[in-house]
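*Asks:* What would the 3D arrangement of this be:
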Amino acid sequence: MWAGLRGLVERDVCMLLSCNSGVLDTLKIPAEQRFEKRISQWYDLASRFRNNFSKWKNEEYLTYKRQDRESQQRLQSDFEQETVIVRCKVLKVIDV
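*Replies:* Numbering: from 1, shown residues only. So this is what the prediction gives:
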C-alpha cells in the first residue's frame with residue numbers, strides 16, 4: 001500500500017492513466033454507449049490497484065456513477081433553463 005505524498009501522487013497517476021485509457025479506447029464506439037463502457041472499463045483497470053481503490057463492488061460503483069451522471073445532467077439542464085430565463089428577462093428590460 002502506498003503511503004504519504006508519494007503514495008498520493010502514484011495513486012492519482014494510476015487512476016488518471018486508467019481514465020485516459022478508458023476514454024481513448026471508447027472513441028470508436030457510438031457516443032450513446034461510451035459512458036457505460038468507460039465507467040466499466042475504468043473500474044476494471046482501477047481494480048488492479050485494490051489497496052488504493054475504493055472497496056465498492058463493481059455493480060455498486062456502476063450504479064453510483066450512473067446516478068452521479070443523471071444528477072449532473074439534471075443540474076446542467078436546470079442551469080441552462082435558468083440561463084435562458086435570465087437572458088429573456090434581460091432582453092425584456094433592454095427592449096423596454
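*Asks:* In the chain, mark out all the helices, start to finish.
*Replies:* Assigned by DSSP state H, the helices in the chain fall at 4-25, 31-46, 58-95.
*Asks:* Could you give the average pLDDT over the second one?
*Replies:* For helix 31-46, the mean per-residue pLDDT is 87.
*Asks:* from the middle of its chain, how far away would that helix be?
*Replies:* Once both centres are worked out by CA atoms, centre = their mean, to the nearest Å, helix 31-46 turns out to sit 10 Å from its chain's centre.
*Asks:* Run through the chain and note the low-pLDDT ranges.
*Replies:* Along the chain, the parts satisfying pLDDT under 70 run over 1-3, 50-54, 84-96.
*Asks:* if we go to 80?
*Replies:* Filtered on pLDDT under 80, the chain yields the residue ranges 1-3, 7-8, 11, 15, 46-56, 81-96.
*Asks:* Mean neighbour count added to the helices of the chain, as a markdown table?
*Replies:* Bear in mind the C-beta positions are built from the backbone N, C-alpha and C, glycine included. As requested, the helices of the chain are exported to a markdown table (neighbours: other CB atoms under 10 Å):
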| stretch | mean neighbour count |
| --- | --- |
| helix 4-25 | 13 |
| helix 31-46 | 15 |
| helix 58-95 | 11 |
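*Asks:* Dump stretch 27-47 to PDB, keeping only the CA atoms.
*Replies:* Written as PDB, here are the backbone C-alpha positions of stretch 27-47 (Å, rounded to 0.1, in the frame of the first residue of the first chain):
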ATOM      1  CA  LEU A  27     -13.700   6.700 -29.000                       C
ATOM      2  CA  LYS A  28     -14.600   4.200 -31.800                       C
ATOM      3  CA  ILE A  29     -17.900   3.100 -30.300                       C
ATOM      4  CA  PRO A  30     -21.200   5.100 -30.700                       C
ATOM      5  CA  ALA A  31     -21.500   8.100 -28.400                       C
ATOM      6  CA  GLU A  32     -24.600   6.900 -26.600                       C
ATOM      7  CA  GLN A  33     -22.700   3.700 -25.500                       C
ATOM      8  CA  ARG A  34     -19.500   5.400 -24.400                       C
ATOM      9  CA  PHE A  35     -20.400   6.300 -20.800                       C
ATOM     10  CA  GLU A  36     -21.300   2.800 -19.800                       C
ATOM     11  CA  LYS A  37     -18.300   1.300 -21.500                       C
ATOM     12  CA  ARG A  38     -16.000   4.000 -19.900                       C
ATOM     13  CA  ILE A  39     -17.100   3.500 -16.300                       C
ATOM     14  CA  SER A  40     -17.000  -0.200 -16.600                       C
ATOM     15  CA  GLN A  41     -13.500  -0.200 -18.200                       C
ATOM     16  CA  TRP A  42     -12.200   2.300 -15.600                       C
ATOM     17  CA  TYR A  43     -13.500   0.200 -12.800                       C
ATOM     18  CA  ASP A  44     -11.800  -2.900 -14.300                       C
ATOM     19  CA  LEU A  45      -8.400  -1.100 -14.700                       C
ATOM     20  CA  ALA A  46      -8.500   0.600 -11.300                       C
ATOM     21  CA  SER A  47      -9.300  -2.700  -9.600                       C
END
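*Asks:* I am finished for the moment; much appreciated.
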